[in-house]
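Undergrad: Quick one, fold the following:
(one chain, ligands or ions: 1)
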Amino acid sequence: MRFRVDPTRVYTHQRLLEDVSRLCDQYPRSLRVAAAGYSEQGREIPLLSIGSGERRLLATGAIHGREYVTVGFLMKSLQELLEKNSLSIFAGYDLLSRCTLDVIPMCNPDSVEMCLGRAPLPQGAEVVPQEYKNNANNTNLNGNFPFMWEQVPPERDKGPHPASERETRLLMELCEENRYHALLSFHSRGDCIFWRDRGNGQVEGDSALAQELCEQCEYSLCAETLLPKDYSGGFENWFRYRFRRAGLCVELVADEEAGFEICVRDFYRLCRWEQTRHTLRVAMECMLHRF
Ligand SMILES: [Zn+2]
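TA: Next up, the predicted model:
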């Protein structure tokens, strides 16, 4: 029987590893899988790649543990691309011979496990497990990157020094190695796209990519992020600074009141799957044609 990703079931770390290997068995010629590295507690962080082109896109999920709905979103999106590729739907315009897509569905697996009550929270964590988003050292990875780090307020749990965390360094090394043309970092609060910050100003492709995704997938466009306390230390902000290329934060789920587990149970409605399912394809096409 053919395996299908089910984004309405919560992804534990174990389930992610199992589904990755199922996808691998099903699409042995088009999907490549490697360990991008390991979390602070030693959990493997899988990296899935398709395509062979020179334009490279990186898509990441669950940098905040509680936003694990993004894991299912990326796995489901990837399976759709693999399926279409196997039916030669992209052959007409060679999407996957001109682009390479790297996906890390779960950047912060320790945090996901803690959120799901499968591992204890670190000392000093001040929230209930379901609300937990930091890593195993109680550091918010999205405030730990070496971009204006000194200006990240301590209440954002930015860590003892820039890039102090394994997960942060792993993402940085991957970006350094692959020189991506664009980054989409998925979160799950707001159904909107953050695309520019005042500190970096304009970078290559930022407005083209953000506008295209808003038009075709019906996200709303956020205003430029103005205050250093909000944009310093972030993954996509560091990416803009380091490479001068488009790094977008894509927030799934408009309903900010919906609990994190409900986002998974009611995935198709709350993530607006009919529109957002095209996000990765639209981003690749935009990279090819618009910048
Ligand atoms: Zn987040």
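
Undergrad: For this protein, which helix extends over the most residues?
TA: Longest helix in the chain by number of residues (criterion: DSSP state H): helix 69-86.

Undergrad: If we go by neighbour counts, what in the next helix or strand after that helix is buried?
TA: Sequence-wise, the next helix or strand downstream of helix 69-86 (DSSP states H and E) is helix 95-98. For helix 95-98, a neighbour-count test (16 or more other Cβ atoms under 10 Å) marks 95, 96, 98 as buried. Where you see a C-beta, it was placed from the backbone N, CA and C, and this is true even at glycine.

Undergrad: Equivalent analysis for stretch 202-209, please.
TA: 203, 205, 206, 208, 209.

Undergrad: can I assume the fourth one is in contact with residue 290?
TA: The reference is to residue 208. Yes - with contact defined as Cβ atoms under 8 Å, residue 208 counts as touching residue 290 (4.1 Å).

Undergrad: Among the buried residues of helix 95-98, which ones lie close to the ion?
TA: Counting by Cβ under 5 Å from the ion, nothing from the buried residues of helix 95-98 sits close to the ion.

Undergrad: Which positions in the stretch 51-200 of the chain make contact with the ion?
TA: 64, 67, 187.

Undergrad: What distance do you get for the last one to residue 18?
TA: Meaning residue 187. Noted for residue 187: a distance of 25 Å to residue 18, by Cβ to Cβ, to the nearest Å.

Undergrad: quick one: which of these two has more around it?
TA: More crowded of residue 187 and residue 18, by other Cβ atoms under 10 Å: residue 187, with 24 against 13.

Undergrad: Give the bridge partners for the more buried one, please.
TA: Judged by DSSP bridges, the bridge partners of residue 187 are residue 251.

Undergrad: do the same with the one 10 residues further on
TA: Under DSSP bridges, the beta-bridge partners of residue 197 are residue 225.

Undergrad: and the residue of the stretch 101-250 of the chain found nearest the ion, how far is that from residue 84?
TA: The nearest approach of the stretch 101-250 of the chain to the ion comes at residue 187, 3.5 Å away (Cβ to the ion). Note on residue 187: its distance to residue 84, by Cβ to Cβ, is 26 Å.

Undergrad: before we move on, the earlier item: dump the residue contacts of the residue of the stretch 101-250 of the chain closest to the ion.
TA: By Cβ atoms under 8 Å, 6 or more residues apart in numbering, residue 187 lies in contact with 63, 64, 67, 70, 249, 250, 251, 252.

Undergrad: Tell me the confidence at it?
TA: Residue 187 carries a pLDDT value of 97.

Undergrad: Ok, the one 5 residues further on next?
TA: Model confidence at residue 192, given as pLDDT, is 94.

Undergrad: swap in residue 210?
TA: pLDDT at residue 210 comes out at 98.

Undergrad: follow-up on the earlier one: now, which of the buried residues of stretch 202-209 lie close to the ion?
TA: Counting by Cβ under 5 Å from the ion, no member of the buried residues of stretch 202-209 reaches the ion.

Undergrad: Serialize those to a markdown table and add fields for distance to residue 256 and secondary structure.
TA: Shown next, in a markdown table, are those (distance: Cβ to Cβ, whole Å; DSSP: H, G, I helix; E, B strand; the rest coil):
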| residue | distance to residue 256 | secondary structure |
| --- | --- | --- |
| 203 | 28 | coil |
| 205 | 29 | coil |
| 206 | 25 | helix |
| 208 | 28 | helix |
| 209 | 24 | helix |
